[in-house]
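Asks: here is my input, please return the structure:
(2 chains)
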2 protein chains.
Amino acid sequence: MLPRVKWKTQAIQELRSSLGEEAISTDDEDLLRHGYSEWSSINIDQLPVAVAYPQSTEEVSQIAKVCHKHKIPMIPYSGGSSLEANFSAPYGGMSIDFTFMDKVISLHADDMDVVVQPSVGWMSLNDQIKDSGLFFPVDPGPSARIGGMVGTSCSGTNAVRYGTMKDWVINLTVVLADGTVIKTRQRPRKSSAGYNLTSLFVGSEGTLGLVTEITLKLAVIPQETSVAVVTFPTIRDAAAAASKVMRAGIPVAAMEIMDEVQMAVINRAGSTSKKWKEAPTMFFKFSGTKAGVQENVRLVKALAKQHKSGNFEFAVDAEEQKTLWSARKESLWSMLALREEGNEVWSTDVAVPLSRLPDIIEISKKEMDDLGLFASILGHIGDGNFHESIMYNSKDPRERAAVEKCIKDMVDRALEMEGTCTGEHGIGLGKKDSLLKELGIDTVNVMKSIKFALDPHWLMNPGKIMDMPA
Amino acid sequence: MLPRVKWKTQAIQELRSSLGEEAISTDDEDLLRHGYSEWSSINIDQLPVAVAYPQSTEEVSQIAKVCHKHKIPMIPYSGGSSLEANFSAPYGGMSIDFTFMDKVISLHADDMDVVVQPSVGWMSLNDQIKDSGLFFPVDPGPSARIGGMVGTSCSGTNAVRYGTMKDWVINLTVVLADGTVIKTRQRPRKSSAGYNLTSLFVGSEGTLGLVTEITLKLAVIPQETSVAVVTFPTIRDAAAAASKVMRAGIPVAAMEIMDEVQMAVINRAGSTSKKWKEAPTMFFKFSGTKAGVQENVRLVKALAKQHKSGNFEFAVDAEEQKTLWSARKESLWSMLALREEGNEVWSTDVAVPLSRLPDIIEISKKEMDDLGLFASILGHIGDGNFHESIMYNSKDPRERAAVEKCIKDMVDRALEMEGTCTGEHGIGLGKKDSLLKELGIDTVNVMKSIKFALDPHWLMNPGKIMDMPA
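Replies: Prediction:
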């Protein structure tokens, strides 16, 4: 029994009278912006009924108390860049937009950590703290913000060296469904004290509580960084070379695979001055001391050669490194920019055990090409994680069905290989069946019992990850 | 309302008839061995009423079903080396000893992971897989086994480079309170699919379920390892040098601090051929490529010199490295070996934000010395984590009270510094009040509600981490 969308003007009035008129919006455009996303793999007709703009943990707690009293769903919103409709509002309710909670609260440089609010972007964070010689290494899409990054347990190109979001969160301040405020831990870099609630909230997609403050670990900015691009005859060769690099324990800073289509997208977007060969390609990032970088480059070159690599082309300076890496990171947006009227892009990810990556990439690429659509593969190959992005005509039900089948087959293949239906985007609205297939009903039931324990009225981002039992 | 110890001979009969006579022991010595520990910070009179010896996940599930039916507490037992009475039996019940579940089930060298049963020791595991060129980097006390390491979310000397237990567990097979068997994930190295149940069970000390199978990530054995020992005029100098090393981002493989007492213990235990200077000392481990190791040694030497270090003494070969490192790792056991009749050793740990470590170590060392007892400090200093071990006469209530106060003051000091009451040993029986002080009632209540959701009769290792609400 899901909470019905019984919206009460009384709730809005209560909130406006305590938080101010501006704190709650019911503007149509605002509702659309908080319920619809042009880069989401799935969109629905339902929108949130109002958007709240809290300015502090205390205000979030007040919002939760009112929503709890009136049984109104609560859906957190930060950067809005998620891909699996993680912030959609299938049961209406209140979108809680953290826009005004965008401060870096305190940098503890000597402790190598920083306390931030949910709407701080990871790129802005790194810009604000760069004089400390420290940085936050988790790097998903450029517009992602820390709150949403906690929600999806995201990662990015640096994950092969630095790990994923869960590895970098020290503690969270969370507003629970009834408005209670908790902090999951104090500030030690490690702890064995009680249940690891931090890691439970990371990746729970806002279904257990609203994260209002985050303490993040920081890393020391490496002395030297080098970026290189190299092509391979086939995508399998590229994937096989990547497996060898991992198995040899060479500490690459990042290792990204892109197919020929993705390279064409970069060329057409024109964000780099160079025109790239449109072939299966790997982007490498090396970092460390000067000597360490040189040594790693030498080792990787030797392994790549065994898999028929072309020549390594190095970015000539820091500026070119930056341009090149952002070309890679903006790939989805570059693809969206190439869309014609009426087209959509379906972008999704899976992850498999390392040794299975060449197999799944090769088959999935072939099946995707067979669709005859504009489609590409790219991936964080050192993690066994890759993405498919397929452009299709959303007005054509047959085309949509064909794309859906292709994606579903890729996901099923990943599950058969003991992989996961999502490496970094989360379950959101569209992958609930896959989660059930991946882990089985008993495991999902444990998740449900935890959800019920913390949110008995099923008010926190309902409809995501799993459905409420009938 | 805690489950009463209403032991039913019927339960034992049921289990013996399905698992065999030998599967359940009620032998007095066996009960003592499973309820009492000479290295535990706390011991109680109560013992388990029986010990079960399952041979498979299926058998563990049968045991849980019977215990669930008769409302019998279940307490998992693997290496028995934990320090906070984590396997004690304050409510009697069934100790479940995984001795016969000690197999490495499958090594996936190309995926860089391994599937093991709970009673595989981490040292034995590394011995069994060494030909693959891979190793499991989490290194607590030498006798620890993987099951218990999951339970306490342990770490060890390698944590500064490789992280702690939670970072190395890919999935768990868990038998829940009612005998249901779940698997938390498949085998991808990263996933965003649903709640991170793996990290919830890691560190839950057996209070949420019985772990029967574990998939662990593995790392590549570094090409080159070097071990060095260096003294400092004061423990504060040593701690300050360690902070500098961290802040400079030098990737040391391990960095351990030991006070002069601990060095005397190593000398008296005679496990190394050399006689060490009895002064505040740091043990460093460097690993990586040959060039990388040389570079890191050079950088660390320069920083240490700024803090008045003595000369670095390097182990001459792999054998001496091993001896030296095991001397460090066996420090608690060496101390236990020096006990006189009637003496006990209280050994416990805390962790604080990095910059606070020199302060807390200096004050705690002074207060410990003021006791006038044989007592030492050693620590995983790169994690902000350290241990106190104090030898005292357990027959003297005044002495016991003084030691207890000294330890409590250290814990309170760590909490005031935004640290934690335990970095790697867990809460067990003795630190429940500290956990409450550390995180507050609302956070502990979230833990309790999760406990109730998974174990409504409070049967799984009751009395640990938190008490059942009255």
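
Asks: can the lengthiest helix in chain A be found next to chain B?
Replies: Ranked by residue count under DSSP state H, the longest helix found in chain A is helix A:397-416. Yes. Legend: contact between helix A:397-416 and chain B by C-beta under 8 Å from any C-beta of the partner chain is shown at A:414-415. For every residue, glycine as well, the C-beta is placed using N, CA and C.

Asks: what does that helix contact?
Replies: For helix A:397-416, the surrounding residues in contact (C-beta atoms under 8 Å, 6 or more residues apart in numbering or on different chains) are A:41, A:346, A:348, A:350-352, A:360, A:363-364, A:367-368, A:371, A:373, A:388, A:390, A:392-394, A:420-421, A:431, A:434, A:437-438, B:186, B:188.

Asks: show me just the buried residues among those.
Replies: The neighbour-count criterion (16 or more other C-beta atoms under 10 Å in any protein chain shown) marks A:41, A:346, A:348, A:350-352, A:360, A:364, A:367-368, A:373, A:388, A:390, A:392-393, A:420-421, A:431, A:434, A:438, B:186, B:188 among the contacts of helix A:397-416 as buried.

Asks: so what's the closest residue to residue A:178 other than its chain neighbours up against?
Replies: Among residues not flanking residue A:178 along the chain, residue A:68 sits closest, at 4.8 Å (C-beta to C-beta, 6 or more residues apart in numbering or on different chains). Residue A:68 makes contact with A:177-179, A:457, A:459 under the criterion C-beta under 8 Å, 6+ apart.

Asks: same check, this time on residue A:267
Replies: A:275-276, A:278.

Asks: pLDDT check: weakest of those residues?
Replies: Among the contacts of residue A:267, residue A:275 carries the weakest pLDDT, at 87.

Asks: where's the closest residue to it other than its chain neighbours, which helix or strand?
Replies: Of all residues not flanking residue A:275 in the chain, residue A:267 sits nearest, at 5.5 Å (C-beta to C-beta, 6+ apart). Applying DSSP states H and E as the criterion places residue A:267 in helix A:260-269.

Asks: mind listing what's buried in that helix?
Replies: A:260-267, A:269.

Asks: between those, which is closest to chain B?
Replies: residue A:262 (21.0 Å; C-beta to the nearest C-beta).

Asks: how about the closest one: what's its closest non-neighbour residue?
Replies: residue A:376 (4.3 Å).

Asks: helices or strands next to the host helix or strand of the one you found in the packing?
Replies: When elements are assigned from DSSP H and E, residue A:376 belongs to strand A:375-380. On a contact count with 3 or more C-beta pairs under 8 Å, 6 or more residues apart in numbering or on different chains; DSSP states H and E, strand A:375-380 meets strand A:254-258, helix A:260-269, helix A:331-337, helix A:357-370, strand A:385-393.

Asks: which of these has the lowest mean pLDDT?
Replies: helix A:331-337 (a mean of 85).

Asks: contacts for that one, please.
Replies: With C-beta under 8 Å, 6+ apart as the test, helix A:331-337 has contacts from A:38-39, A:141-142, A:258, A:262, A:265-266, A:268-269, A:271, A:327, A:345, A:347, A:376, A:378, A:389, A:391.

Asks: mind checking pLDDT for residue A:279?
Replies: 96.

Asks: tell me the helix or strand right after the helix holding residue A:267.
Replies: Following helix A:260-269 in sequence, per DSSP H and E, is strand A:281-288.

Asks: the inter-axis angle of that next one versus strand B:281-288?
Replies: Interaxial angle, strand A:281-288 versus strand B:281-288 (axes from the mean of the first three to the mean of the last three C-alpha atoms, to 10 degrees): 150 degrees.

Asks: specify the beta-bridge partners of residue A:257.
Replies: residue A:282, residue A:379 (DSSP bridges).

Asks: what's near enough to touch it?
Replies: Residue A:257 neighbours (C-beta under 8 Å, 6+ apart): A:235, A:238-239, A:242, A:280-282, A:361, A:377-379, A:381, A:386.

Asks: one more: residue A:308?
Replies: Residues in contact with residue A:308 (C-beta under 8 Å, 6+ apart) are A:232-233, A:237.

Asks: so which of the residues you listed is the most crowded?
Replies: For those, the largest neighbour count, defined by other C-beta atoms under 10 Å in any protein chain shown, is 22 neighbours, found at residue A:232.

Asks: per-residue pLDDT, the closest residue in space to residue A:201 that isn't next to it in sequence?
Replies: Spatially, and ignoring its direct neighbours in sequence, residue A:201 is nearest to residue A:172 (5.3 Å; C-beta to C-beta, 6+ apart). On pLDDT, residue A:172 comes in at 98.

Asks: you'd agree residue A:172 is in a strand?
Replies: Yes. Judged by DSSP: H, G, I helix; E, B strand; the rest coil, residue A:172 forms part of a strand.

Asks: how much space separates it from residue A:57?
Replies: Separation of residue A:172 from residue A:57 (C-beta to C-beta, to the nearest Å) stands at 11 Å.

Asks: now do the shared contacts for those two.
Replies: With C-beta under 8 Å, 6+ apart as the test, residue A:172 and residue A:57 both reach residue A:213.

Asks: more neighbours: the two, which one.
Replies: For residue A:172 versus residue A:57, neighbours defined as other C-beta under 10 Å are more numerous around residue A:172 (24 against 19).

Asks: hmm, that one is touching residue A:149, no?
Replies: No. Assessed by C-beta atoms under 8 Å, residue A:172 is found out of contact with residue A:149, at 11.9 Å.

Asks: need the residues touching each of these two.
Replies: The contact sets of residue A:172 and residue A:149 do not overlap (C-beta under 8 Å, 6+ apart).

Asks: re the thing from before, what would the contacts of residue A:68 look like in a markdown table with secondary structure?
Replies: Shown next, in a markdown table, are those (three-state DSSP):
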| residue | secondary structure |
| --- | --- |
| A:177 | coil |
| A:178 | coil |
| A:179 | coil |
| A:457 | coil |
| A:459 | coil |
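
Asks: for those residues, which one is nearest residue A:50?
Replies: Using C-beta to C-beta, residue A:459 comes nearest to residue A:50 of the contacts of residue A:68, at 14.4 Å.

Asks: residues touching that closest one, list them.
Replies: Counted by C-beta under 8 Å, 6+ apart, residue A:459 has contacts A:3, A:67-68, A:71-74, A:93, A:177.

Asks: rerun that using 7 Å as the cut-off
Replies: Residue A:459 makes contact with A:3, A:67-68, A:71-74, A:177, according to C-beta atoms under 7 Å, 6 or more residues apart in numbering or on different chains.

Asks: circling back: adding distance to residue A:402, write the helices and strands packed on strand A:375-380 out as CSV.
Replies: Listed next are the helices and strands packed on strand A:375-380 as CSV, based on distance: least, C-beta to C-beta, whole Å:
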stretch, distance to residue A:402
strand A:254-258, 24
helix A:260-269, 17
helix A:331-337, 19
helix A:357-370, 9
strand A:385-393, 8
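
Asks: quick one: closest of the ones you listed to residue A:202.
Replies: Evaluated over those, closeness to residue A:202 peaks at strand A:385-393, with 17.0 Å, by C-beta to C-beta.

Asks: can that closest one be found next to chain B?
Replies: Yes. Using C-beta under 7 Å from any C-beta of the partner chain, strand A:385-393 reaches chain B at residue A:385.

Asks: specify the angle between that strand and strand A:375-380 in degrees.
Replies: Using the same axes, to 10 degrees: strand A:385-393 against strand A:375-380 is 160 degrees.

Asks: packing partners of strand A:385-393?
Replies: Here strand A:385-393 touches helix A:331-337, strand A:343-351, helix A:357-370, strand A:375-380, helix A:397-416, going by 3 or more C-beta pairs under 7 Å, 6 or more residues apart in numbering or on different chains; DSSP states H and E.

Asks: redo these as JSON lines? Include distance to residue B:448.
Replies: Output for those, formatted as JSON lines (distance: least, C-beta to C-beta, whole Å):
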{"stretch": "helix A:331-337", "distance to residue B:448": "42"}
{"stretch": "strand A:343-351", "distance to residue B:448": "34"}
{"stretch": "helix A:357-370", "distance to residue B:448": "42"}
{"stretch": "strand A:375-380", "distance to residue B:448": "38"}
{"stretch": "helix A:397-416", "distance to residue B:448": "34"}
